[in-house]
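1. please work out how this folds:
(2 chains)
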Amino acid sequence: MSLFNIFDISGSAMTAQSQRLNTVASNLANADSTTSADGKTYRAKQVVFSTVPMGGAGGAGVRVAAVVEDASPLKKQYEPAHPMADEQGYVTMPNVNVVEEMVNMISASRSYQNNVDVMNTSKSMLLKTLTIGQ
Amino acid sequence: MTSEIDRALQFNRTALNILAERQGLLAANIANADTPSFKARDIDFASALKNALSNETTKLTANSTVPLTHTAPKHLGGQAGESIMGAPVMYRNVLQPSADGNTVDMDRERAQFADNAVRYEASLKFIDSKIKGILSAIQG
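-> Numbering: from 1, shown residues only, chains lettered A, B, ... in the order given. The predicted structure is shown next:
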């Protein structure tokens, strides 16, 4: 494993974190979507990370193994005037937890920044290595 | 064949190689900070350096093999865990375990990463000044 592998490792983590940020964006955007393309109420989506070997001994990148739907129950809201309301006047709302999503968002962006930092440090190390003997 | 110049640079060159490898390990730890069940890993720099200097022929990322007795043709070779310069890649002791089984402590990893980067640059400086010394000896 050379210093160049760090770009692959951090790059894979950045891809994974941005995908996580994407699902957060989609969850927040659809926090009130009572219907989706398949006619059912929107369910919150979560990414599952897994480690993938990369670049020799000890190298470990990240990939998104799966995007799973949140299995927690959908919320019922009493709104008889709503066009999607059932006979009792309840509307099925998505199970998006906005607070949880905000926390997820901050966590993802911090992890992303960490990996950018790692990349920058490795880049300056490589550039300094190139100046040996000059 | 090792020349005088080669010998002069060997120590720092070896140290630089190990530091670069360790930087990769720490980068992997930071990359996997949110991966469930990931165990943070590191090497013991001192033993890696000692190993590498005592055995110059050690390959950069040679996996050390433990010889096992084969009593049947289908027995497996018995590969030891990953190693860097003959020093085994070990798992970190957990200070604050998390519920998902991940053992990456971001503060610790970032500190080690910065520390390792500075050491790398220090090694570079040493090599650089040695080369400058040799050059001035040649050119007068």
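2. now the closest residue to chain A within chain B: closest residue in space that isn't a chain neighbour?
-> Of all residues in chain B, residue B:31 sits closest to chain A, at 3.5 Å by Cβ to the nearest Cβ. (C-beta placed from N, C-alpha, C; glycine too.) Counting by Cβ to Cβ, 6 or more residues apart in numbering or on different chains, residue A:13 is the residue found nearest to residue B:31 once chain neighbours are left out, at 3.5 Å.
3. low-confidence ranges, chain B, go.
-> B:1, B:56-67, B:76-81 (pLDDT under 70).
4. again, but for chain A
-> Chain A contains residues with pLDDT under 70 at A:1.
5. who in it is up against chain B?
-> Within chain A, the residues that sit near chain B (Cβ under 8 Å from any Cβ of the partner chain) are A:1-3, A:5-6, A:9-10, A:12-13, A:16-17, A:20, A:48-51, A:54-62, A:107-108, A:111, A:114-115, A:117-118, A:121-122, A:125, A:128-129, A:131-133.
6. which of those count as buried?
-> Among those, those scoring as buried are A:1, A:3, A:5-6, A:9-10, A:12-13, A:16-17, A:20, A:49-51, A:54-62, A:107-108, A:111, A:114-115, A:118, A:121-122, A:125, A:129 (criterion: 16 or more other Cβ atoms under 10 Å in any protein chain shown).
7. narrow those residues to those in strands?
-> Counting by DSSP state E, those place A:49-51, A:60-62 in strands.
8. just want the residue of chain A that's nearest chain B.
-> Counting by Cβ to the nearest Cβ, chain A gets nearest to chain B through residue A:13 (3.5 Å).
9. quick one: residues contacting residue A:123.
-> Contacts of residue A:123 were listed using Cβ atoms under 8 Å, 6 or more residues apart in numbering or on different chains, and they are residue A:7.
10. what about 6 Å?
-> Shown in contact with residue A:123 (Cβ atoms under 6 Å, 6 or more residues apart in numbering or on different chains): no residues.
11. returning to that earlier point: and which of the ones in strands among the buried ones among the residues of chain A next to chain B is nearest to residue B:93?
-> Distance ranking of those against residue B:93, using Cβ to Cβ, places residue A:60 first at 18.6 Å.
12. once you drop chain neighbours, what's closest to that closest one?
-> residue B:28 (4.0 Å).
13. from residue A:52, how far off is the one you found?
-> Computed with Cβ to Cβ, to the nearest Å, the distance linking residue B:28 and residue A:52 is 10 Å.
14. settle it for me: which of those two has more neighbours?
-> residue B:28 (31 against 16; other Cβ atoms under 10 Å in any protein chain shown).
15. helix or strand for the more buried one, which one?
-> Here residue B:28, judged by DSSP states H and E, is contained in helix B:4-31.
16. residue 134: neighbouring residues, count only.
-> Picked chain A for this. 7.
17. was after chain B, sorry
-> 15.
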